[in-house]
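Fold the following and give me the result.
(one chain, ligands or ions: 1)
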Amino acid sequence: MSEVIKTHKCPICHKLFVDEKYAPFCSKRCADVDLGRWFNGSYAVASEDLDELEVEELGEALEKNAQQTKQ
Ligand SMILES: [Zn+2]
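Residues are numbered from 1 along each chain as shown. Next up, the predicted model:
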């Protein structure tokens with residue numbers, strides 16, 4: 001009787017693994033690496049779009065909104 005072991009290839013370190021606990025990654029470390037790449041990429045784009053003036057305007061708008069909801 002032969003047992004078929006299903007293996008997966010980690011997209012981060014390209015290692016073959018069996019444990020699906022952190023699938024599709026081989027380990028938490030590789031899952032974190034992928035998350036970090038994705039997060040850093042999207043954060044860089046978002047921070048480019050918002051300059052200081054826009055952040056200030058956004059803050060004022062939020063304050064006005066908060067005052068309106070109080071009344
Ligand atoms: Zn890996």
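
Spell out the residue ranges of the helices in this structure.
In order along the chain, the chain carries the following helices (DSSP state H): 28-49, 52-70.

ok, and which of these has the densest surroundings?
The highest average neighbour count among the helices of the chain, using mean count of other C-beta atoms under 10 Å, belongs to helix 28-49 at a mean of 11. C-beta: built from backbone N, CA, C; applies to glycine.

still on that earlier bit, rebuild the helices of the chain as TSV, extending it with distance to the ion and mean pLDDT.
TSV is the format used below for those (distance: least, C-beta to the ion, whole Å; pLDDT from 0 to 100):
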stretch	distance to the ion	mean pLDDT
helix 28-49	3	76
helix 52-70	37	77
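
Let me have those in JSON lines, adding distance to residue 5 as columns.
Below are those laid out as JSON lines (distance: least, C-beta to C-beta, whole Å):
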{"stretch": "helix 28-49", "distance to residue 5": "20"}
{"stretch": "helix 52-70", "distance to residue 5": "53"}
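
Ok, which of the ones you listed comes nearest residue 18?
Distances from residue 18 to each of the helices of the chain were compared using C-beta to C-beta; the minimum, 14.4 Å, belongs to helix 28-49.
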